[in-house]
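J.: one predicted model, sequence on top.
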Amino acid sequence: MPAIVLIGAQWGDEGKGKATDLLGGQVQWVVRYQGGNNAGHTVVLPDGQDYALKLIPSGILTPGVRNVIGNGVVVDPGALIDELAGLDARGVDTSGLLLSADAHLIMPYHIAIDKVGERYLGKAKIGTTGRGIGPAYQDKIARVGVRAADLLDAKILRQKVEAALDYKNQVLVKLYNRRALDVDEVMESVQAAGRQIEHRIADTRLMLNRALDNGETVLLEGSQGTLLDVDHGTYPFVTSSNPTAGGAAVGAGIGPMRITRVIGILKAYTTRVGSGPFPTELHDAMGERLRKVGGEVGVNTKRPRRCGWFDAVIGRYATRVNGITDYFLTKLDVLSGLEKVPVCVAYEVNGRRCDEMPMTQTDVHHAVPVYEEFPGWWEDISEARTFDDLPANAQAYVEALEGMIGARVSAIGVGPGRDQTIER
Ligand code: IMP
């Protein structure tokens with residue numbers, strides 16, 4: 001039966017954790033298919049407290065749901081252990097979490113190179129999370145990566161670590177003027193972590209396909225977002241994986257025809273963390289207002305998020321590259337109390353109107369938003385539970401967005417609480 005993809009339609013942080021809650025009762029498996037502990041999904045624990053999941057799928061909070069870290073994810077074993085311990089301490093049963101044997105590991109040298117590499121780039125830095133994500137994916141593509149299955153074979157693991165350090169130490173010492181890493185130290189730390197997680201390593205590809213054959217529903221949970229995709233995002237200011245829907249099949253090991261629904265998560269305005277172009281970014285008091293009212297601070301790195309108006313060019317683009325079937329629109333309540341709500345309907349690039357995402361990144365950098373203003377609403381909408389409960393102007397705003405992005409909005413977030421959602 002079906003696989004459902006959940007994907008951020010902007011630059012991440014659209015509120016995917018809450019979206020998973022909405023689907024909770026309908027799914028038997030939740031799978032992370034790309035990224036690593038660069039992500040941050042805030043979820044509400046059974047004790048009512050917020051918890052920031054980084055690597056572990058958000059289905060971990062729903063008893064009975066099987067959770068998988070798929071082959072497309074890069075895993076820092078130490079970070080995984082910390083996250084498991086944090087959840088265990090809060091009474092969450094993590095015993096069923098599985099890790100694909102083919103998931104690549106983030107090694108200590110990846111983290112060292114991520115951090116020092118960013119410093120080396122100076123003004124051209126990507127603004128990465130510094131978790132070693134990019135360097136781990138580089139090694140995967142260069143075919144020198146270490147995979148979870150290697151934790152089960154000390155001899156192979158050592159061969160791989162030795163070979164990697166031969167090269168990485170040259171980079172660390174000769175290029176970045178840093179200390180070389182010692183093979184034994186790296187082996188010791190990775191094996192110590194490995195002993196704690198090796199019982200979770202499984203052929204998750206086989207299990208997921210069998211589950212689908214048995215009519216179970218699998219939720220493929222993307223992290224980051226469409227515009228951080230290494231192919232379809234604002235390259236080079238992107239992450240090193242494919243959050244877009246196509247990446248879900250690859251990163252979980254299922255066929256694309258298994259996917260029957262692609263849900264895009266879209267914030268009612270736009271945010272971005274790290275460097276890179278952001279046409280509707282606000283550098284004024286309104287940007288500050290969105291940041292404050294929306295609580296826009298990175299879950300993972302605590303960096304303040306850059307904020308701006310809704311960008312329909314991005315929405316249309318996300319609909320197209322992901323094949324979105326419907327959207328969850330989040331944080332509509334943050335826009336309450338504004339006289340007018342501007343929406344970017346197109347860009348002007350070098351004096352020319354551009355209704356679609358420009359072909360080149362140079363043009364994206366030069367894109368000036370063309371705004372259309374929508375009448376705002378003053379009412380507090382946090383208690384609205386049906387579309388009809390929303391003020392007419394809020395309804396008109398949502399309907400206008402649907403028209404511009406070319407897909408239906410099937411759910412609307414009106415507050416941080418689990419129940420503060422309108423299903424349509
Ligand atoms: P990396 O994924 O750490 O390599 O960082 C690459 C870019 O993606 C940077 O601009 C990060 O700020 C951004 N990024 C990575 N993960 C997230 C996320 O979960 N939300 C928002 N931005 C992210």
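T.: Okay, I see it. Numbers count the residues shown, from 1 in each chain.

J.: residues contacting the residue of the stretch 1-150 of the chain found nearest the ligand?
T.: Nearest residue of the stretch 1-150 of the chain to the ligand (Cβ to the nearest ligand atom) works out as Gly12 at 2.9 Å. (Glycine included, C-beta is placed from N, CA and C.) By Cβ atoms under 8 Å, 6 or more residues apart in numbering, the contact set of Gly12 is 39, 223-225, 228, 243, 272-273.

J.: contacting the ligand as well, which ones from those?
T.: Among those, the residues that sit close to the ligand (Cβ under 6 Å from any ligand atom) are 39, 223-224, 228, 273.

J.: quick one: stretch 60-75 near the ligand?
T.: No - against the ligand, stretch 60-75 shows no contacts by Cβ under 6 Å from any ligand atom, the least distance being 9.6 Å.

J.: for that stretch, buried residues please.
T.: Residues 60-62, 65-75 are the ones in stretch 60-75 that count as buried (16 or more other Cβ atoms under 10 Å).

J.: what about it, how long is it end to end?
T.: Length of stretch 60-75, first residue to last, Cα to Cα, to the nearest Å: 17 Å.

J.: nearest spatial neighbour of Val299, chain-adjacent residues omitted?
T.: Gly40 (2.9 Å; Cβ to Cβ, 6 or more residues apart in numbering).

J.: same question but for Arg408, I mixed them up
T.: In space, Arg408 is closest to Asp326, 4.8 Å off (Cβ to Cβ, 6+ apart).

J.: surely that neighbour and Gly406 touch.
T.: No - judged on Cβ atoms under 8 Å, Asp326 makes no contact with Gly406 at a distance of 11.2 Å.

J.: related to what we said a few turns ago, ok, now how distant is the residue of the stretch 1-150 of the chain closest to the ligand from Asn393?
T.: 28 Å (Cβ to Cβ, to the nearest Å).

J.: same check, this time on Arg205
T.: Arg205 is 48 Å from Asn393, where distance means Cβ to Cβ.

J.: sec struct for the residue of the chain found nearest the ligand, please.
T.: Per Cβ to the nearest ligand atom, Gly274 is where the chain lies closest to the ligand, at 2.2 Å. Following DSSP: H, G, I helix; E, B strand; the rest coil, the label given to Gly274 is coil.

J.: how about the helices in the stretch 1-150 of the chain?
T.: 16-23, 77-89, 108-121, 133-141 (DSSP state H, counting those that start in this stretch).

J.: can I get the longest one in CSV? Just the C-alpha atoms.
T.: The C-alpha coordinates for helix 108-121 follow below in CSV (Å, rounded to 0.1, in the frame of the first residue of the first chain):
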residue,chain,number,x,y,z
PRO,A,108,35.1,12.7,13.7
TYR,A,109,37.2,13.9,10.7
HIS,A,110,34.0,14.9,8.9
ILE,A,111,33.0,17.2,11.7
ALA,A,112,36.5,18.7,12.0
ILE,A,113,36.7,19.4,8.2
ASP,A,114,33.1,20.9,8.1
LYS,A,115,34.0,23.4,10.8
VAL,A,116,37.4,24.4,9.6
GLY,A,117,36.3,24.3,5.9
GLU,A,118,33.6,26.9,6.7
ARG,A,119,36.2,29.2,8.3
TYR,A,120,38.5,28.8,5.3
LEU,A,121,35.7,29.9,3.0
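
J.: rounded mean pLDDT for stretch 49-62, please.
T.: Taken as a whole, stretch 49-62 has a mean pLDDT of 89.

J.: contacts only, for Ala3.
T.: Going by Cβ under 8 Å, 6+ apart, Ala3 touches 212, 217-220, 248, 252, 254, 258-260.

J.: switch the cut-off to 6 Å
T.: Contacts for Ala3 (Cβ atoms under 6 Å, 6 or more residues apart in numbering) come out as 218, 220, 254, 258-259.

J.: those residues of the stretch 151-300 of the chain touching the ligand, which are they?
T.: With Cβ under 6 Å from any ligand atom as the criterion, the stretch 151-300 of the chain meets the ligand at residues 223-224, 228, 237, 239-240, 273-274.

J.: including pLDDT, secondary structure and neighbour count, could those residues go into JSON lines?
T.: Shown next, in JSON lines, are these (pLDDT from 0 to 100; DSSP: H, G, I helix; E, B strand; the rest coil; neighbours: other Cβ atoms under 10 Å):
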{"residue": "Ser223", "pLDDT": "95", "secondary structure": "coil", "neighbour count": "29"}
{"residue": "Gln224", "pLDDT": "95", "secondary structure": "coil", "neighbour count": "31"}
{"residue": "Leu228", "pLDDT": "97", "secondary structure": "helix", "neighbour count": "29"}
{"residue": "Phe237", "pLDDT": "96", "secondary structure": "coil", "neighbour count": "23"}
{"residue": "Thr239", "pLDDT": "96", "secondary structure": "coil", "neighbour count": "27"}
{"residue": "Ser240", "pLDDT": "97", "secondary structure": "coil", "neighbour count": "23"}
{"residue": "Val273", "pLDDT": "94", "secondary structure": "coil", "neighbour count": "24"}
{"residue": "Gly274", "pLDDT": "91", "secondary structure": "coil", "neighbour count": "20"}
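
J.: quick check: Ala192 is in a helix.
T.: Yes - the assignment for Ala192 is a helix, going by three-state DSSP.

J.: gap between the two ends of stretch 380-397?
T.: Stretch 380-397 has an end-to-end distance of 15 Å (Cα to Cα).
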